[in-house]
Every structure is written in C-alpha cells, then in structure tokens.
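Undergrad: Build me a structure from this.
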Amino acid sequence: MSSGGGKRKVETIVTCLEMHAPSHHFVPPPANLHLSLMKAVKPTPHYYRYLYNAVGDNYHWVDRRHLDDEALKALIHSDTVDIFVAYSAGVPAGFFEIDDRGEGELWLAYFGVIPDFHGRGIGKWLLAEAIDEAFNREPEVFRVETCTLDDPRALPLYQKMGFRPYERRDKIMEIGD
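TA: Numbers count the residues shown, from 1 in each chain. From the prediction side, this is the model:
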C-alpha cells in the first residue's frame, strides 16, 4: 500500500463460500519448485506479519495490520488457529490459516501466495492442501470469504476447488495507512 495517502473508504463485494465435503482430486505440487508445507507452531508476530503483509499487501488486507504484538500473538497462538506455510526451495511462498470456530465449523481465515510466486501453480496446490487439512478434522462445513479487492483469480479458484457461494454482500472498507 502506498504510504502517506491516509485512509480512504472503498466499496467491495464480499462473497461467502462453503464446502461440506472435499470435492477435488489430488493436486500434485508444481514440478521443479521444490515445494514443502510446514505447520508454523506458535510463529513470532514478526514472522506472521511478514507472511500477512507479503501476501495481503496488494489486496488491502488490514484486519491484523495494526495489532500490537500481544494482540496478534493471542490470535495466532490460539488453540483454535493453525497456520501452514508453503516453502519453495526453503523460501516462504505462501500460507494458509485455518480457524476452528467450533460446532463443526472451520474457516479458511487467510490464504494466499506471495507475489514472487504467482503464476506457478502454487495457489491451486496450496488450496488443495488447505482443503485436505480441514477435512482431515471432519468438519460439518469449511468456509472462506473473498472480496472484489482480492486477486481476481481467487473466487474462480475457490469455486473450481469445490467451494459454493452462499452469500454476497456489499461492504465499505477503510484502507490505507
């Protein structure tokens, strides 16, 4: 995001999607990228901020940007939150965060690929891994939200991988510094 511009309000459309059973087939990791996926156990706020900002900066992710270390740590170290990081040849390439909201409801709270790795097929593989991780826990429903500020490939990818929209709503977001 640009600095010095202050905050501004933008209109967006939020699409809420859900899945009640995995509906995709195995998605192999893209060849020649030396991909691995690791659970980040109690990541430091600094490392989490790196992932969050590297993935979300272009899409105006703001929810966690201004939390202090203790507030952020309380969220990401919660027993209901699991964070998984994709690495390409040892370098972070993307991440996803699953939040267990209880009563059989899991959320894909955050998901994305770092821009340096866009266009290499990592997103589809990473989303398949997130879906597999979620359904290994046998939820009744796995949900995600996306909006028109996200990458334009996000909504079609979620739908291709089996998520179905159940709600759309207008939202005014405050973005900027």
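Undergrad: Confirm Trp125 sits in a helix?
TA: Yes: the assignment for Trp125 by DSSP: H, G, I helix; E, B strand; the rest coil puts it in a helix.
Undergrad: How about the contacts made by it?
TA: Remark: with contacts taken as CB atoms under 8 Å, 6 or more residues apart in numbering, Trp125 is in contact with 27-30, 35, 86. (Glycine included, C-beta is placed from N, CA and C.)
Undergrad: So which of those residues is the closest to Phe142?
TA: Val27 (16.0 Å; CB to CB).
Undergrad: tally of neighbours for the closest one?
TA: Counted with other CB atoms under 10 Å, residues neighbouring Val27 total 16.
Undergrad: Contacts only, for it.
TA: Here Val27 is in contact with 124-125, 127-129 (CB under 8 Å, 6+ apart).
Undergrad: Next one: it relative to Glu174, how far apart?
TA: 36 Å (CB to CB, to the nearest Å).
Undergrad: Most neighbours out of the contacts of Val27, which is it?
TA: Leu127 (26 neighbours).
Undergrad: Quick check, that one in contact with Phe111.
TA: Yes: contact status for Leu127 versus Phe111: in contact at 6.7 Å, counting by CB atoms under 8 Å.
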